[in-house]
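J.: sequence plus predicted model, see below.
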Amino acid sequence: QVELVESGGGLVQAGGSLRLSCAASGRTFSAYTMGWFRQAPGKEREFVSHITWTARATYYADSVKGRFTISKDNAKNTMYLQMNSLKPEDTAVYYCAVFTGGPIYNTDSYGAWGQGTQVTVSS
C-alpha cells in the first residue's frame, strides 16, 4: 500500500510562487499515474492537475493552466506541483493522490490520498 506525504505549502503574497512536493513510499512509484486536487474552506475538493505514469502527458484545470506545472521524479519517488503567479483564489489545502481509473477530474478516480498541505495566498 502506497503512502503519500505532501509538503511545501505556506503563506505567500499574490503573484508569488510555491513548489509542492508529494513523496511516496513503495518501490512502484514509477508505475503510478497521479494527480493533485485542492479544497478551499466550504467548497468541494476540486481537480488541479494529473500526470501519467510516464510523465508524457499532463492535464490541468482551466483555472491553473499556464501558471502551474506538474512533474514527477521517479528516482526520488516524488511528484511536484510548481505554482507560479499565485492568486488569492488558489488558497486551499492541496492533496496528492494515486489515479485508480475513471475520469481524471473526479475524486472517486483516485486513492491513497495524502494528508494535504495548506497554501494561503494573501492579496
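T.: Happy to help now that I have it.

J.: number of residues surrounding Val48?
T.: The number of residues packed around Val48, counting by other CB atoms under 10 Å, is 25. Using the backbone N, CA and C atoms, a C-beta is placed for each residue, glycine as well.

J.: which non-adjacent residue is nearest the residue positioned nearest the centre of the chain?
T.: Most central in the chain under CA atoms, centre = their mean is Trp36, positioned 2.5 Å from the mean C-alpha point. Nearest residue to Trp36 in three dimensions, chain neighbours excluded: Val48, at 4.2 Å (CB to CB, 6 or more residues apart in numbering).

J.: also Asp90?
T.: Excluding its sequence neighbours, the residue lying closest to Asp90 (CB to CB, 6+ apart) is Val121, at 5.1 Å.

J.: bridging residues for the one you found?
T.: Per DSSP bridges, the residues bridged to Val121 are Val12.

J.: isn't it right up against Ser17?
T.: No: assessed by CB atoms under 8 Å, Val121 is found out of contact with Ser17, at 10.5 Å.

J.: looking at these two, which one has more neighbours?
T.: Between Val121 and Ser17, counted using other CB under 10 Å, the more crowded position is Val121 (20 against 11).

J.: wait, what's in contact with the more buried one?
T.: 11-14, 16, 86-91 (CB atoms under 8 Å, 6 or more residues apart in numbering).

J.: now tabulate these in TSV and tack on secondary structure.
T.: Listed next are the contacts of Val121 as TSV, based on DSSP: H, G, I helix; E, B strand; the rest coil:
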residue	secondary structure
Leu11	strand
Val12	strand
Gln13	strand
Ala14	coil
Gly16	coil
Leu86	coil
Lys87	coil
Pro88	helix
Glu89	helix
Asp90	helix
Thr91	coil
